[in-house]
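[1] any chance you can model this:
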Amino acid sequence: MGNNHQGLYLERKKVSDFKKNHEILREIFHEIKGDDEEYKNYYEFIKKLNYKNFFTINLKPSYKLAVGLGDESVYETSIMIHHTYGCPYIPASTIKGVYKSYLEENGEAISKELSLDRGKFLGFLDILFGNTDIKGILVFFDSFPVKKYKIIIDNISVHYKEYYKNGEKPPTDGQDKNIVSFPVITDTEFKFCIKYNQKEVESYRKAKKLDFEIDKFLEKFNSIFENEFKDALFYEGLGAKTSSGYGTMIEV
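    Down below sits the predicted model:
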């Protein structure tokens, strides 16, 4: 496939009545290898944006990464392909959600560093990440592969198909296995970028909503994120099947 747009090819590929979904997927994603030719200027553009601080880190899946697995698709399973660049990516909303969820349960180090009790710390997270009523000061960006990426096909063998289908038959070994194929990303390094918006910080100051040491946090912005962010993506994971070891991100 090279640098072709895998997302467009996936949508336009004619589905044959004589082939199973996993066979079609193997034709499309047969160890696709690509590079950053189409989006190499993306991060340069980000750096030019008017944000005071800019945190970046490169991480890779320790095993495999399944992003967009449950998205709507005629092939039953799918993968997150960028609509413009035609390469796999991790949406900013996914990264943001995983990180906030992790801090809500494991943010003791940051709360201690800022001398915040539990209640104030949760309010602090709302100002960082935002909620349905307010806009957060942190800005998360989509994460793209660094230089090279690789997509392969993985399989799950579903046993006891008739048992799980309606429960009328017992889970016996005489039932045929149902093979489910899905594309995953492997051997791929991703760049993660986070900034904080100084304009939002100033707007909170004017509204007198900053009743904690926000300056102390901003001064240690990079060091705080370097530790907590890595832990979040390692222990929480990204994408689907994290309980099976998928999506665990480690340092390169």
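
[2] buried ones in the longest strand along the chain, by neighbour count?
    Counting by DSSP state E, the longest strand found in the chain is strand 148-158. Within strand 148-158, the residues that qualify as buried by neighbour count (16 or more other C-beta atoms under 10 Å) are Tyr149, Lys150, Ile151, Ile152, Ile153, Asp154. To be clear about C-beta, it is placed using only N, CA and C from the backbone, and glycine gets the same treatment.

[3] next: stretch 226-240.
    Glu228, Phe229, Lys230, Ala232, Leu233, Phe234, Glu236, Gly237, Leu238, Gly239, Ala240.

[4] list of residues touching that stretch?
    In this structure, residues lying in contact with stretch 226-240 by C-beta atoms under 8 Å, 6 or more residues apart in numbering are 55, 57, 59, 65-70, 90, 94-95, 98-99, 101-103, 106-107, 109-110, 192, 194, 242, 246-251.

[5] ok so, going back, okay if I get the buried residues of strand 148-158 as a markdown table plus pLDDT and distance to Thr132?
    Output for these, formatted as a markdown table (pLDDT from 0 to 100; distance: C-beta to C-beta, whole Å):
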| residue | pLDDT | distance to Thr132 |
| --- | --- | --- |
| Tyr149 | 86 | 35 |
| Lys150 | 86 | 38 |
| Ile151 | 85 | 35 |
| Ile152 | 86 | 39 |
| Ile153 | 85 | 39 |
| Asp154 | 89 | 36 |
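
[6] which one of those residues is nearest Asp187?
    Using C-beta to C-beta, Lys150 comes nearest to Asp187 of the buried residues of strand 148-158, at 4.8 Å.

[7] just to check, the closest one is in contact with Val184?
    No - counting by C-beta atoms under 8 Å, Lys150 sits too far from Val184 to count as a contact (9.5 Å).

[8] excluding chain neighbours, give the residue nearest to Gly247 in space.
    Closest residue to Gly247 in three dimensions, ignoring its sequence neighbours and counting by C-beta to C-beta, 6 or more residues apart in numbering: Gly237, at 3.6 Å.

[9] for the one you found, helix, strand, or coil?
    What DSSP: H, G, I helix; E, B strand; the rest coil gives for Gly237 is coil.

[10] quick one, phi/psi of it?
    In this entry, Gly237 is assigned phi and psi values of phi 80, psi 170 (degrees, to the nearest 10).

[11] nothing else from me, thank you.
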